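*Asks:* Need coordinates for the below:
(one chain, ligands or ions: 2)
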Amino acid sequence: MTSSTSIDINLARREMVILGTQYAGEMKKGLFGVMHYLMPKRQILSLHSGCNMGKEGDVALFFGLSGTGKTTLSTDHNRYLIGDDEHCWSDHGVSNIEGGCYAKCIDLAREKEPDIWNAIKFGTVLENVVFEEHTREVDYTDKSVTENTRAAYPIEYIPNAKIPCVGPHPKNVILLACDAFGVLPPVSKLNLAQTMYHFISGYTALVAGTEDGIKEPTATFSACFGAAFIMLHPTKYAAMLAEKMQKHGATGWLVNTGWSGGSYGSGSRIKLAYTRKIIDAIHSGALLKAEYKKTEVFGLEIPTALEGVPSEILDPANTWPDKKAHKDTLLKLGGLFRKNFEVFTNYKIGSDSNLTEEILAAGPNF
Ligand SMILES: Nc1ncnc2c1ncn2[C@@H]1O[C@H](COP(=O)(O)OP(=O)(O)O)[C@@H](O)[C@H]1O
Ligand SMILES: C=C(OP(=O)(O)O)C(=O)O
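*Replies:* Ligands and ions are numbered 1, 2, ... in the order given. Just a heads-up that it's a prediction; the model follows:
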């Protein structure tokens, strides 16, 4: 045992025992693991993603590891929220597993995230927050218990929630990565093979201050953006996702919600307002019509202009003052992707071996 916490699941007896933690996230994510076993057996794909739907019925999925923006970006005043974290994609479309949200509330501010702020009322469970005992006023900036403070509320506390939480087949599949190296573009359009490559890789980065011992940006690869929850080989989920995206004509996107203009420490996190503009342009279809160019090393298609976002930030190569440092960091991240993918090179994905070849070729090239 490397930890005093354990989550033990007996699938046959349908029992889960959680030891050494009282964090509510373990309960919902523990059951999410069970869903990753039960659903694929019924040809239903379980997804570690947020999900929302536009007024025209266009559905978007937001895959990403913790802290990459699933809750923040799927909670959108102009769209119906289907759910912020756990979904299924069946032959009938998408459905939410939970019926509620589990939002981070560290530094929560009414102006920045009004829907989440307003959802915190009687009936919401606040976890690990610090509050004044007599007035019961919460100090969302207080990190003395942990940074991981949470608000769990029923989905109907979000005014534009889609009840029941179901929707048609997704039109856009957005992969969120919080890249603390600052070399992934704010947005890239992916072909199917690239979508699978990045889905199987499941990249994000930890920054100093998030975990013990992290002093500089550290790449984390979590297959299918949820290695802790998947029960079958990652390529099984990837094959199902590829088949569904192909069948329903969904477009894949990679969105960096992390650093720009340099790595953590020298650059800064991409403004949430810019990420929201990018997401709006994906939903509206405007980004599909943009002009694109290809980046070096990762071979990503990036738009040359996008309304509401300064064009120079769309290509990270422009934003780094030190060009050599940019190239070195890009190659460093490319190398980490390549090394991580080595374990997958011998697996066939789907019934078509062409797709396997294409996925292997969709990684960094240098
Ligand atoms: N550009 C950005 N895009 C998305 N989130 C951002 C951005 N900049 C800062 N953030 C913050 O990062 C956090 C993302 O967390 P969250 O949405 O809960 O992620 P997840 O649901 O994937 O775990 C939020 O606190 C959000 O305000
Ligand atoms: C519950 C969790 O998921 P998220 O952070 O994505 O809400 C977690 O990872 O602790």
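
*Asks:* sec struct for the residue of the chain most remote from its centre, please.
*Replies:* Relative to the C-alpha centroid of the chain, counting by CA atoms, centre = their mean, His134 is the outermost residue, at 38.1 Å. Here His134 is recorded as coil under DSSP: H, G, I helix; E, B strand; the rest coil.

*Asks:* And the pLDDT for it?
*Replies:* His134 carries a pLDDT value of 96.

*Asks:* Residue of the stretch 51-200 of the chain closest to ligand 2, please.
*Replies:* Nearest residue of the stretch 51-200 of the chain to ligand 2, counting by CB to the nearest ligand atom: Ser66, 3.2 Å away. Just so you know, the C-beta spots here come from the backbone N, C-alpha and C atoms, and that holds for glycine as well.

*Asks:* Count the residues that sit near that residue.
*Replies:* 20 (other CB atoms under 10 Å).

*Asks:* same thing with Lys247?
*Replies:* Lys247 has 10 nearby residues by other CB under 10 Å.

*Asks:* Could you list the low-pLDDT ranges of the protein?
*Replies:* The model of the chain has pLDDT under 70 over residues 1, 208-214, 352.

*Asks:* ok now stretch 75-90, how far from the chain's centre?
*Replies:* 12 Å (CA atoms, centre = their mean, to the nearest Å).

*Asks:* again, but for stretch 238-257
*Replies:* Per CA atoms, centre = their mean, the centroid offset for stretch 238-257 relative to its chain is 13 Å.

*Asks:* do it and ligand 2 meet?
*Replies:* No - Stretch 238-257 stays out of contact with ligand 2 when judged by CB under 6 Å from any ligand atom, the minimum separation being 12.6 Å.

*Asks:* how about that stretch, does it get close to ligand 1?
*Replies:* Yes - for stretch 238-257 and ligand 1, the contact criterion (CB under 6 Å from any ligand atom) is met by Thr257.

*Asks:* Ligand 1 contacts on the stretch 201-350 of the chain?
*Replies:* Counting by CB under 6 Å from any ligand atom, the stretch 201-350 of the chain sits next to ligand 1 at Thr257, Arg269, Ile270, Leu272, Thr275.

*Asks:* so who does whichever residue of the stretch 101-250 of the chain sits closest to ligand 1 touch?
*Replies:* In the stretch 101-250 of the chain, the residue that lies nearest ligand 1 is Lys104 (4.1 Å; CB to the nearest ligand atom). Going by CB atoms under 8 Å, 6 or more residues apart in numbering, Lys104 touches Gly67, Thr71, Asn148, Thr149, Arg150.

*Asks:* Quick check: ChimeraX command selecting the buried ones in the residues of the stretch 201-350 of the chain next to ligand 1.
*Replies:* This is how ChimeraX selects the buried members of those, with burial counted by 16 or more other CB atoms under 10 Å:
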select :257,269,270,275
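
*Asks:* Filter the residues of the stretch 201-350 of the chain next to ligand 1 down to just the ones in strands.
*Replies:* Arg269 (DSSP state E).

*Asks:* Find the pair from the residues of the stretch 201-350 of the chain next to ligand 1 with maximum spatial separation.
*Replies:* Arg269 and Thr275 (9.5 Å; CB to CB).

*Asks:* Between these two, which contacts overlap?
*Replies:* Thr257.

*Asks:* ok so, going back, bridging residues for the residue of the stretch 101-250 of the chain closest to ligand 1?
*Replies:* Beta-bridge pairing of Lys104 under DSSP bridges involves Arg150.

*Asks:* Can you report phi and psi for Asp85?
*Replies:* With angles defined as degrees, to the nearest 10, Asp85 sits at phi -150, psi -40.

*Asks:* ok, and what's touching stretch 355-362?
*Replies:* Taking CB under 8 Å, 6+ apart as the rule, stretch 355-362 contacts 191-194, 196-197, 200, 238, 242, 299, 341, 345, 347-350.
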